[in-house]
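Engineer: Need coordinates for the following:
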Amino acid sequence: MKKKILAIALIALASITLAFAQGGAETSTGAAAYNETGFTNDTLTFVIPGSAGGGTDLAIRTMIEGLQRIYGLKVNPQQMKNTQGHTTVKNAAPDGNTIMLATAALLTQYVSGNSDVNPLEDLTLIATLDDNGYSVLAVPVDAPYNTFEEFVTYAKANPGMVNAGMPAAGSNTFLFGKLESVLGIELNHVECASESDRLTNIAGGFIDIGVVGLGNAISYEAAGKLKVIGTVAGNGITIADSGRELGDNYKTLQEQGYDDCYVLCMHYVYGPKGMNPDQVAKLNASFKTIIEDPTVNEGLRKIGHIPLWHDLEESKAIQMEEYNTTVETAKFLGLYAL
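Structural biologist: The predicted structure is shown next:
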């Protein structure tokens, strides 16, 4: 009888071992096992924090096409407001079936007290991916400055008199905050929540400077509705990395000699807190395949992004650098609330 029980136990153990070898590991919640890609056979919910048609939305949908084509995944994109999307992923089961692509909004909202989702403690970082591209500094066509150097000189001579359009507490607010801190200038912050608001106000001469996307900058400049005096991008990024032939006025501020005038603005793939580290490592590697896929890569470039991928160690280092910079800028702006 004892020999029979032992034989049954050994058979059961062998079956479990074989299941792990063939299908990956079962999640802590008992959900479907993940495979060598880190994904499961269940539908992947990909949360899109932000508005439809925005940069993050377009980037996620470009990646979704790759996930479906390369891995055969069933993907359910869920469009939500930033904070709602962040909270949804925070509260999801840590089985890898709910992820999101987040930008600096996750960081700025947390450090300014507008969200209780702590990106360092409430989520699992899966990968740091493509750079969010270029923030173009646009000014009215009749502005008394034609270059960024002339703008800085003018701003220093007129402290608090230059109207800069930006959201009340968004990524562009922090971008201008860093420029003010680094350059020693003081701008008058005028609320222009959306890019369309800023374009209208720049064209009408109601604000003196604003940040717009590369595509809109090119078209509005061609129509004679604004001037471009530079771009802000990630550390070491040049305007040539955009793959477009653009004038010298589109050069990044670093290219123009302002070494510290850069802003990290990466896309981060997050899952809920408590995910299996082995699954996270596999997912990180799978996103490398996605980003390096020619179709996905070209699709991201077409929307003004710079396709990048970083392993887990690099991803965490970049996340911490951007987080620390966000904290410093929030304190400078008087927005720090932690």
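Engineer: just so I have it, where are all the strands in this structure?
Structural biologist: For the chain, the strands defined by DSSP state E cover 44-49, 75-80, 98-102, 123-131, 135-139, 163-166, 188-191, 209-212, 227-232, 266-272.
Engineer: how far out from the middle of the chain is stretch 289-297?
Structural biologist: 17 Å (C-alpha atoms, centre = their mean, to the nearest Å).
Engineer: Tell me the buried residues in it?
Structural biologist: Within stretch 289-297, the residues that count as buried by 16 or more other C-beta atoms under 10 Å are Ile290, Ile291, Asp293, Val296, Asn297. C-betas here are computed from N, CA, C, even on glycine.
Engineer: Outline the domain layout of this protein.
Structural biologist: 44-132+265-333, 135-250 (automatic domain parsing).
Engineer: What's the per-residue pLDDT of the nearest residue to Leu106 once chain neighbours are set aside here?
Structural biologist: Spatially, and ignoring its direct neighbours in sequence, Leu106 is nearest to Pro119 (5.2 Å; C-beta to C-beta, 6 or more residues apart in numbering). We note a pLDDT of 97 for Pro119 in this prediction.
Engineer: OK, contacts around Pro119?
Structural biologist: Ala102, Leu106, Leu107, Tyr110, Leu125, Tyr268, Tyr270, Gln319, Tyr323 (C-beta atoms under 8 Å, 6 or more residues apart in numbering).
Engineer: got the contact list for the fourth one?
Structural biologist: Tyr110 makes contacts with Asp116, Val117, Asn118, Pro119, Leu338, as judged by C-beta under 8 Å, 6+ apart.
Engineer: Kindly indicate which of those lies nearest Thr98.
Structural biologist: For the contacts of Tyr110, the closest approach to Thr98 (C-beta to C-beta) belongs to Val117, at 13.9 Å.
Engineer: which stretches of the stretch 201-338 of the chain form helices?
Structural biologist: Here the stretch 201-338 of the chain has its helices, by DSSP state H, counting those that start in this stretch, at 214-222, 277-292, 294-302, 312-333.
Engineer: right, and those helices - which one's nearest Ala164?
Structural biologist: helix 312-333 (12.2 Å).
Engineer: Who are the packing partners of that closest one?
Structural biologist: Under the contact criterion of 3 or more C-beta pairs under 8 Å, 6 or more residues apart in numbering; DSSP states H and E, helix 312-333 touches helix 104-111, strand 123-131, helix 171-183, strand 266-272, helix 277-292.
Engineer: These: which one's closest to Val47?
Structural biologist: Across the helices and strands packed on helix 312-333, closest to Val47 is strand 266-272 (C-beta to C-beta), at 9.0 Å.
Engineer: How much space separates Pro307 from Ile207?
Structural biologist: Per C-beta to C-beta, to the nearest Å, Pro307 is found 32 Å from Ile207.
Engineer: Those two - which one has more neighbours?
Structural biologist: With neighbours defined as other C-beta atoms under 10 Å, Pro307 and Ile207 compare such that Ile207 has more, 23 against 20.
Engineer: My guess is that one contacts Asn201. True?
Structural biologist: Yes. Using C-beta atoms under 8 Å, Ile207 makes contact with Asn201 at a distance of 4.4 Å.
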